[in-house]
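Participant: I would like to see how this sequence folds:
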Amino acid sequence: MEGATLGITGIVVMLLGLFLPRIPAAFVMAMVGFVGLAWATSFQAALGIIGTEFWDIFSRYGLTVIPMFILVGEFIYYAGYSDQLYHATDRWVGHWRGGLAVTTVFASAGFSAICGSNTATAATMSAVALPSMKRLNYHPVLRTGAVAAGSTLGVMIPPSIVLVVYGLYTGQSIGKLFFGTLIPSAILTCLIALTVLGICIRHPDWGPKAAKTTWGEKFRALPKVLDIAVLFIVIMYALFTGVATPTEAAGTSCFLGLAICLIRRRLTWKGFVSAVKDTLRISCMVFMIVAGATVFGKFMTITRLPFEVANWIGTLNWPHWSILVMMLGCYVIGGCLMDALAFLLISLPIFYPLVVEMGYDPVWFGEVICLVTTLGAITPPIGICCYVIAGMAKDVRIEQVFKGALYYIPAYVVTVALVILFPYWTVTILAGLVP
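Facilitator: Numbers count the residues shown, from 1 in each chain. Reported below is the predicted structural model:
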């Protein structure tokens, strides 16, 4: 069997394994990649290749950035800072029509600045925000949709685990990726908040106003979220100035996060143990996906399918923008069908060489596909964040959650369009400042 044909066969088998028996993506990628390598070479050679690749990947010191960023987010969660973020934001915008939903969006953005995971943000904000909105008779579609849309910011706002993995896999600077996503994530956050206000203009009864607060109450709420602001500033300052590597910045923020929680007496021993357990579980999941993608990526390299695709597209003389749109369409569909991180790592061996060949900035491309694949977290049929929210909001049907989330798709479309049309002003202007 020729290399390209073997590669296509491997992709088909992998997709069947994902969608028919519903095997976890990490194991499907690993099994298909290993069998493909053994077919293309030999069983012993495949074992040698996998052993070498695993050692190269998992012996990297930089990979420790993942559990460190996850751990600091878990400390913040179990210390109860998510409640303070929500209530502080509520003091400022809660008295607007739909203000609690807007509060949820901005509080999600604040929590995402430490957490880095959309499912964790969805679970946290569901527990914090849904009871308050239900108490004020917010419509189920509005309150669950706002939590769903806000939770997707967990992947966009630094420290994003998806961007960390993308940077490690492609060899791009994590600092550049983090700073490059600041403007797109700010645009997306504001557009999601504006969408809430637009929904309330069309359906005034969906988002009743909360009690108005005084200016004194507004300003007294700000010191309660100062700790999280300090952690975020430490991470970004260290990366921007180059005084610390991403791993050192993650370790420092983790130490500071634990120290702050202990000094404030907000983290119990039970909370500490739970934070460590959750970090181990999430980190193992991420590492398994990285391992499976590594095996599958090596298989794709052996078959030379990515390079054959790049050469074939080069002979079509299509405009680069049309090829980019085609790739983004694949990411939209893939993000709807499976986990964003898993699909990202499955597709990178195929699309990344093509992107480099066409001359696109890899940092900019990382921001674009992070935006597009993250949209899949709130779109059917998988929409993992919507299922998390439906599981916590027992009085709301899953179709209502998806209906509420679909209101925010235009916000994503506009953000992606702005990033594509103005790459310098949205990504490169800040990413280029990082040494």
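
Participant: so who does the most centrally placed residue in the chain touch?
Facilitator: Central residue of the chain (Cα atoms, centre = their mean): residue 155, 2.1 Å from the mean position. Residues counted as contacts of residue 155 (Cβ atoms under 8 Å, 6 or more residues apart in numbering) are 112, 116, 117, 118, 161, 162, 163, 340, 370, 374, 377. To be clear about C-beta, it is placed using only N, CA and C from the backbone, and glycine gets the same treatment.

Participant: Among the residues you listed, name the ones in helices.
Facilitator: Of the positions in the contacts of residue 155, 112, 118, 161, 162, 163, 340, 370, 374 sit in helices, assigned by DSSP state H.

Participant: low pLDDT regions in the stretch 301-435 of the chain?
Facilitator: 306-307, 309-311, 313-316, 335-340, 381-382 (pLDDT under 70).

Participant: Which pair of the ones in helices among the contacts of residue 155 spans the longest distance?
Facilitator: Longest distance between any two of the ones in helices among the contacts of residue 155 is 14.3 Å, between 112 and 340; criterion Cβ to Cβ.

Participant: Which one's more surrounded, the two?
Facilitator: Higher neighbour count among residue 112 and residue 340: residue 112, with 30 against 25, using other Cβ atoms under 10 Å.

Participant: Model confidence score at that one, please.
Facilitator: pLDDT, residue 112: 79.

Participant: check contacts around it.
Facilitator: 121, 153, 154, 155, 156, 157.

Participant: Quickly check these for the two that are furthest apart.
Facilitator: The widest separation within the contacts of residue 112 (Cβ to Cβ) is 10.6 Å, between 121 and 156.

Participant: Pick out whichever of the two has more residues nearby.
Facilitator: Counted by other Cβ under 10 Å, residue 121 and residue 156 do not tie: residue 121 has more neighbours, with 29 against 26.

Participant: Would you mind measuring from the more buried one to residue 296?
Facilitator: 28 Å (Cβ to Cβ, to the nearest Å).

Participant: Ok, residue 167 next?
Facilitator: Separation of residue 167 from residue 296 (Cβ to Cβ): 19 Å.

Participant: Residue 212 now?
Facilitator: From residue 212 over to residue 296 the distance is 55 Å, taken as Cβ to Cβ.

Participant: Look at these two and report which has more neighbours.
Facilitator: residue 296 (28 against 11).

Participant: Tell me the spacing between the more buried one and residue 190.
Facilitator: 37 Å.

Participant: cool, and residue 78?
Facilitator: Distance from residue 78 to residue 190, by Cβ to Cβ: 30 Å.

Participant: okay, those two: which has more neighbours?
Facilitator: Per other Cβ under 10 Å, whichever of residue 78 and residue 190 has more neighbours is residue 78, with 21 against 15.

Participant: okay but the more buried one is in contact with residue 267, surely?
Facilitator: Yes. The pair residue 78 / residue 267 is scored as a contact, 6.2 Å apart, by Cβ atoms under 8 Å.

Participant: Report the set of residues contacting both of the two.
Facilitator: Common neighbours of residue 78 and residue 267 (Cβ under 8 Å, 6+ apart) are residue 275.

Participant: what's the spacing between stretch 224-233 and its chain's center?
Facilitator: On the basis of Cα atoms, centre = their mean, to the nearest Å, stretch 224-233 sits 21 Å off its chain's mean C-alpha point.

Participant: Which residues outside it are in contact with it?
Facilitator: Residues contacting stretch 224-233 (Cβ under 8 Å, 6+ apart): 72, 76, 81, 84-85, 87-88, 110-111, 113-114, 158, 253, 256-257, 260, 264.

Participant: List buried residues within those.
Facilitator: The neighbour-count test (16 or more other Cβ atoms under 10 Å) marks 72, 76, 81, 84-85, 87-88, 110-111, 113-114, 158, 253, 256-257, 260 as buried among the contacts of stretch 224-233.

Participant: from those residues, which is closest to residue 218?
Facilitator: So of the buried ones among the contacts of stretch 224-233, ranked by how close each gets to residue 218 (Cβ to Cβ), first place is residue 88, at 8.7 Å.

Participant: pLDDT score assigned to the closest one?
Facilitator: 78.

Participant: Use 814 as the first number from now on
Facilitator: OK, 814 is where the count begins now, so the last one is residue 901.

Participant: Give the full set of residues in contact with the residue nearest to it when sequence neighbours are not counted.
Facilitator: Spatial nearest neighbour of residue 901, excluding adjacent residues (Cβ to Cβ, 6 or more residues apart in numbering): residue 1034 at 4.0 Å. Residues counted as contacts of residue 1034 (Cβ under 8 Å, 6+ apart) are 900, 901, 904, 905.

Participant: Go ahead and list the helix or strand containing residue 1034.
Facilitator: helix 1028-1034 (DSSP states H and E).

Participant: Following that helix in sequence, what is the next regular element?
Facilitator: Downstream of helix 1028-1034 (by DSSP H and E), the next one is helix 1039-1054.

Participant: Show me what counts as buried in that following helix.
Facilitator: Buried, per 16+ other Cβ under 10 Å, within helix 1039-1054: 1040, 1041, 1044, 1045, 1047, 1048, 1049, 1051, 1052, 1053.

Participant: pLDDT weak spots in the stretch 814-963 of the chain?
Facilitator: Residues of the stretch 814-963 of the chain that meet the cut-off, pLDDT under 70, sit at 814-816, 831-835, 874-875, 929.
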